[in-house]
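Enquirer: Sharing a sequence plus its predicted fold:
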Amino acid sequence: MDGAELAVSDEGAGEPVLFVHGGLIADSFAPVAGELGPGYRLVRHHRRGYAGSAGRPGPVSVGRDAADCLGVLDALGIERAHLVGWSHGGAVVLEAATRAPGRVLDVAVLEPALLQVPGAAGLGEVLAPLFARRAAGDAAGAAADFQAAVWGPDWAARLEQRIPGGVAQLYKDAALIFDSDLPALRAWSFEPKRAAVLDRPVLSVAGTASMPIVADVRERLRILLPQTREVLLVGADHAFAVTRPGQVAAALTAFWARGPGWW
């Protein structure tokens with residue numbers, strides 16, 4: 001894939017599921033994968049630069065990440081898959097699904113990072129001093145501040161409880177969210193013409209205690225993708241993909257089954 005070497009986990013047998021992680025936490029979907037029962041082929045990869053993956057230098061974009069997702073499916077011989085993305089990964093799976101809707105069974109997004117919404121201005125105020133800290137050479141400190149802003153001051157303990165070694169890996173990958181992920185998200189937009197291509201079922205999962213921007217993102221999804229069905233996790237913040245894996249797994253399996261009440 002354009003010279004990149006991506007670390008891929010491919011476990012189980014059955015309906016293929018491709019997970020795409022968000023910023024900073026390369027193994028964010030490991031807890032959810034551990035909660036899913038048999039009957040699924042669970043594929044997780046590290047995006048370029050994260051953990052075990054290496055990428056060629058060059059322009060970073062959500063589109064390139066989406067192309068990598070489709071490349072992973074190609075490499076594994078998977079024709080169609082359920083796509084699941086959290087935060088930055090949510091933007092990536094939306095992009096992948098609009099590029100190749102025929103490869104997609106359905107799409108599940110966990111608070112996808114859509115920055116072309118009104119609440120992005122408030123997020124920008126939070127991020128400005130963190131970019132300054134990164135520019136001063138303290139990527140790890142900036143990443144810790146970012147985690148505290150979206151997960152709370154106990155972020156490290158919460159992460160380590162679910163993903164042992166996750167904090168150390170986060171610090172190793174700290175620069176990526178400032179140098180790659182956030183610039184890529186700022187340059188990407190999910191517009192009506194692009195959204196109209198996506199005719200697959202969509203699940204949106206969000207926490208009621210997440211940052212204010214999430215409410216704008218949820219509304220944007222409802223407008224652009226009227227086929228979206230929503231699950232709200234009461235009291236959950238943006239960390240829920242890691243800290244509430246059982247609830248996320250239950251929402252996904254119900255969505256994939258699509259019994260009475262879903263469609």
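Expert: Perfect, thanks for sending it.

Enquirer: Please count neighbours and contacts with C-alpha atoms only from this point.
Expert: OK.

Enquirer: residue boundaries of the helices in the stretch 101-250 of the chain?
Expert: Here the stretch 101-250 of the chain has its helices, by DSSP state H, counting those that start in this stretch, at 120-135, 139-151, 155-162, 166-172, 174-176, 182-187, 192-195, 213-224, 240-243, 245-257.

Enquirer: can you put the ones you listed in TSV and add mean neighbour count, mean pLDDT and distance to residue 43?
Expert: Compiled in TSV, the helices of the stretch 101-250 of the chain are given as follows (neighbours: other CA atoms under 10 Å; pLDDT from 0 to 100; distance: least, CA to CA, whole Å):
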stretch	mean neighbour count	mean pLDDT	distance to residue 43
helix 120-135	15	88	31
helix 139-151	19	93	26
helix 155-162	16	96	19
helix 166-172	18	95	19
helix 174-176	22	93	22
helix 182-187	17	93	23
helix 192-195	14	92	25
helix 213-224	18	94	25
helix 240-243	23	96	16
helix 245-257	17	96	15
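
Enquirer: element containing residue 66, please.
Expert: Element membership of residue 66, judged by DSSP states H and E, is helix 62-75.

Enquirer: and stretch 71-80, how far out from the chain's middle?
Expert: 19 Å (CA atoms, centre = their mean, to the nearest Å).

Enquirer: closest to residue 62 out of the helices of the stretch 101-250 of the chain?
Expert: helix 182-187 (5.8 Å; CA to CA).

Enquirer: now what about that closest one, what contacts it?
Expert: The contact list for helix 182-187 (CA atoms under 8 Å, 6 or more residues apart in numbering) reads 60, 61, 62, 88, 91, 113, 114, 115, 116.

Enquirer: Got the phi and psi for residue 29?
Expert: phi -90, psi 0 (degrees, to the nearest 10).

Enquirer: Minimum distance to residue 25: which of the helices of the stretch 101-250 of the chain has it?
Expert: Closest among those, using CA to CA: helix 166-172, at 5.8 Å.

Enquirer: Quick one: list the elements packing against that closest one.
Expert: helix 139-151, helix 155-162 (3 or more CA pairs under 8 Å, 6 or more residues apart in numbering; DSSP states H and E).

Enquirer: Dump those helices to JSON lines, plus distance to residue 186.
Expert: Converted to JSON lines, the helices and strands packed on helix 166-172 look like this (distance: least, CA to CA, whole Å):
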{"stretch": "helix 139-151", "distance to residue 186": "17"}
{"stretch": "helix 155-162", "distance to residue 186": "25"}
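
Enquirer: what's the closest of those to residue 176?
Expert: helix 139-151 (8.8 Å).

Enquirer: Which elements pack onto the closest one?
Expert: helix 120-135, helix 166-172, helix 174-176.

Enquirer: hmm, who's touching the shortest one?
Expert: In other words, helix 174-176. Under CA under 8 Å, 6+ apart, the answer for helix 174-176 is 23, 24, 49, 50, 134, 139, 140, 142, 143.

Enquirer: separation between the closest residue to the last one other than its chain neighbours and residue 210?
Expert: What sits nearest to residue 143 in space, not counting adjacent residues and going by CA to CA, 6 or more residues apart in numbering, is residue 174, at 5.5 Å. Between residue 174 and residue 210 the distance is 22 Å, computed by CA to CA, to the nearest Å.

Enquirer: Which one, of the helices and strands packed on helix 139-151, ends up nearest to residue 44?
Expert: Once the helices and strands packed on helix 139-151 are compared by CA to CA, helix 166-172 is nearest, at 15.7 Å.

Enquirer: Run the chain-centre distance for that closest one.
Expert: 17 Å.

Enquirer: same thing with stretch 209-216?
Expert: 16 Å.

Enquirer: hey, C-alpha coordinates of that stretch in CSV?
Expert: In CSV, the C-alpha atoms belonging to stretch 209-216 read as follows (Å, rounded to 0.1, in the frame of the first residue of the first chain):
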residue,chain,number,x,y,z
ALA,A,209,-21.0,12.9,28.9
SER,A,210,-18.7,13.6,25.8
MET,A,211,-17.4,17.0,24.8
PRO,A,212,-20.0,19.5,23.4
ILE,A,213,-18.8,19.0,19.8
VAL,A,214,-20.2,15.5,19.8
ALA,A,215,-23.8,16.8,19.8
ASP,A,216,-23.1,18.7,16.6
